[in-house]
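Chemist: following is a predicted model, sequence given first.
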There are 2 protein chains.
Amino acid sequence: MTELMEQRHIHPQSGTAFKLKSGQVLRVIDPMGEQVSDLMAYSEADLDEYLSSGRTIDYANTIYVTSGHTLYSNRSNPMFTILQDQVGRHDFLLTPCSPETFKIIYNNHAHHPSCFTNLAQHLAPYGIAPDRIPTTFNIFMNVKIADNGELTIAPPLSKAGQYIELRAEMDMIVGVTACSAEMSNNYSFKPIDIQIYD
Amino acid sequence: MTELMEQRHIHPQSGTAFKLKSGQVLRVIDPMGEQVSDLMAYSEADLDEYLSSGRTIDYANTIYVTSGHTLYSNRSNPMFTILQDQVGRHDFLLTPCSPETFKIIYNNHAHHPSCFTNLAQHLAPYGIAPDRIPTTFNIFMNVKIADNGELTIAPPLSKAGQYIELRAEMDMIVGVTACSAEMSNNYSFKPIDIQIYD
């Protein structure tokens, strides 16, 4: 990792998508702290190959992946290696927040921005349909699990400026958001910065 | 639920698939005890709508779904309601065992039956491609999670004859297996019985 090739500022409650080449490093930065960023990825060579929470959790043998872990595709191929992880707490259990999330969990039937619609909007130009957005890698999201299996969505552990670095293990289309859900972000919506290094 | 419409015996390390109509009840039985059964489902009206672990866990707010919980699709529509659950411990985190599972986790590069190939084989006649098989509902699978997130695959809690009953909330194509992975089934492969009630 030597040269900064590109950087993008993701405004609160929005998203972006881009190509990432094998060997490039994606740095996802929480510039203000306590902000979640949902990430999804697809093989550029075949969009039917995508980032798989189930394969990743199974092979890592933990629900909390961090530095040194590999993120796998549904075909069990490595998609990312986590290089540096300054936070150490991310979620890979839950789907991105969607209009239905706000109806079902928050009882909010009005319009509300969501990671799902932000990913769908930015992935569409690459030929990726909304139904192809499964469980995302929810960077900085802090999900605690009680012994009886119950979940608590706690404030992210990320402090201002902290980041995670992911090395691409194949050519990919990647979608990234600044998450739109109240509970996941300690009830304030902040930006996310990304940097791509060659 | 009044009338038994159909029953099938799933031999060890094999699978099946069938149509299930809205309102019908699927009973998945562990006839000998300590045997996992992976289940996957698709909307018959649109195969791009499928059972979603992430949506289900998010809305149930627990990783251990049981009697009274709803299993949701990727579009946040109810697919199943769990009526009776005599066991109370199932997994919805992990993908079905596949040839790669045995290579990566068991270091076994020889041929090995797997839930993934069994599901793929039986779902293919309905037009469902292997890449459309995500994280399955792993009935009777006993996954324990330590505080640090680490997983332990323990023997199923199911005793001989115990079952779970799922009411279909839409017309579906359903795939079911008798799981092929050593660790998940306390190192012996047993059958699974299913019954469909109208």
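Modeler: Arrived safely.
Chemist: show me which residues of chain A sit near chain B.
Modeler: Taking C-beta under 8 Å from any C-beta of the partner chain as the criterion, the neighbours of chain B within chain A are A:48-49, A:52-55, A:57-59, A:61-64, A:74-76, A:93-95, A:98, A:100-101, A:104-105, A:129, A:131, A:133-135, A:145, A:148-151. The C-beta positions use only the backbone N, C-alpha and C, and glycine is treated the same way.
Chemist: which of those residues fall in strands?
Modeler: A:Ile145, A:Leu151 (DSSP state E).
Chemist: report the buried members of the residues of chain A next to chain B.
Modeler: A:49, A:52-55, A:57-59, A:62-64, A:74-76, A:93-95, A:98, A:100-101, A:104-105, A:131, A:133-135, A:145, A:149, A:151 (16 or more other C-beta atoms under 10 Å in any protein chain shown).
Chemist: in helices, which of those fall?
Modeler: Per DSSP state H, helices hold the following members of those: A:Ser53, A:Gly54, A:Arg55, A:Ile57, A:Asp58, A:Tyr59, A:Glu100, A:Thr101, A:Ile104.
Chemist: now the residues you listed in a markdown table, with pLDDT?
Modeler: Shown next, in a markdown table, are those (pLDDT from 0 to 100):
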| residue | pLDDT |
| --- | --- |
| A:Ser53 | 98 |
| A:Gly54 | 97 |
| A:Arg55 | 97 |
| A:Ile57 | 97 |
| A:Asp58 | 96 |
| A:Tyr59 | 97 |
| A:Glu100 | 92 |
| A:Thr101 | 91 |
| A:Ile104 | 92 |
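Chemist: farthest-separated two in these?
Modeler: Farthest-apart pair in these is A:Tyr59 and A:Ile104; separation 30.9 Å (C-beta to C-beta).
Chemist: which elements pack onto the lowest-mean-pLDDT helix or strand in chain A?
Modeler: Lowest mean confidence among the helices and strands of chain A (mean pLDDT, DSSP states H and E): helix A:99-104, at a mean of 92. Helices and strands touching helix A:99-104, by 3 or more C-beta pairs under 8 Å, 6 or more residues apart in numbering or on different chains; DSSP states H and E, are helix A:115-123, helix B:53-60.
Chemist: which among those is found nearest to B:Met40?
Modeler: Among the helices and strands packed on helix A:99-104, helix B:53-60 sits nearest to B:Met40 (C-beta to C-beta), with 10.4 Å.
Chemist: what packs against that closest one?
Modeler: helix A:53-60, helix A:99-104, strand B:70-72.
Chemist: swap in 6 Å and give it another go.
Modeler: Applying 3 or more C-beta pairs under 6 Å, 6 or more residues apart in numbering or on different chains; DSSP states H and E, we find helix B:53-60 packed against strand B:70-72.
Chemist: what mean pLDDT does the helix or strand following the strand it packs on get?
Modeler: The helix or strand immediately downstream of strand B:70-72 is strand B:78-85, counting by DSSP states H and E. Mean pLDDT, strand B:78-85: 98.
Chemist: check which residues of strand B:78-85 are buried.
Modeler: Residues of strand B:78-85 classed as buried: B:Met79, B:Phe80, B:Thr81, B:Ile82, B:Asp85 (neighbour count, 16+ other C-beta under 10 Å).
Chemist: chain center to the least confident helix or strand of chain A, what's the gap?
Modeler: 19 Å (C-alpha atoms, centre = their mean, to the nearest Å).
Chemist: one more: stretch A:120-138?
Modeler: Computed by C-alpha atoms, centre = their mean, the chain-centroid distance of stretch A:120-138 equals 12 Å.
Chemist: between the two ends of that stretch, what distance do you get?
Modeler: 16 Å (C-alpha to C-alpha, to the nearest Å).
Chemist: stretch A:181-198 too?
Modeler: Per C-alpha to C-alpha, stretch A:181-198 runs 32 Å from first to last residue.
Chemist: which other residues reach that stretch?
Modeler: A:1, A:3-13, A:24-29, A:31-32, A:34-37, A:97, A:141, A:153, A:155, A:176, A:178-179 (C-beta atoms under 6 Å, 6 or more residues apart in numbering or on different chains).
Chemist: which among those end up buried?
Modeler: A:10, A:12-13, A:24-29, A:31-32, A:34-37, A:97, A:141, A:153, A:155, A:176, A:178-179.
Chemist: show me what contacts the residue lying farthest from the centre of chain A?
Modeler: Note on chain A: the largest C-alpha distance from the chain mean falls to A:Asn148, namely 26.4 Å (C-alpha atoms, centre = their mean). Residues counted as contacts of A:Asn148 (C-beta under 6 Å, 6+ apart): none.
Chemist: go on, A:Gln162?
Modeler: So A:Gln162 contacts A:Asp30, A:Gln86, A:Val87 (C-beta under 6 Å, 6+ apart).
Chemist: mind checking pLDDT for it?
Modeler: In this model, A:Gln162 carries a pLDDT of 98.
Chemist: who's it bridged to?
Modeler: A:Asp30 (DSSP bridges).
Chemist: how close does it get to B:Ala160?
Modeler: 51 Å (C-beta to C-beta, to the nearest Å).
Chemist: sketch out the low-pLDDT regions of chain A for me.
Modeler: Applying pLDDT under 70 to chain A flags residues A:1.
Chemist: looking at the contacts of A:Gln162, which is nearest chain B?
Modeler: For the contacts of A:Gln162, the minimum distance to chain B (C-beta to the nearest C-beta) is 13.9 Å, reached by A:Val87.
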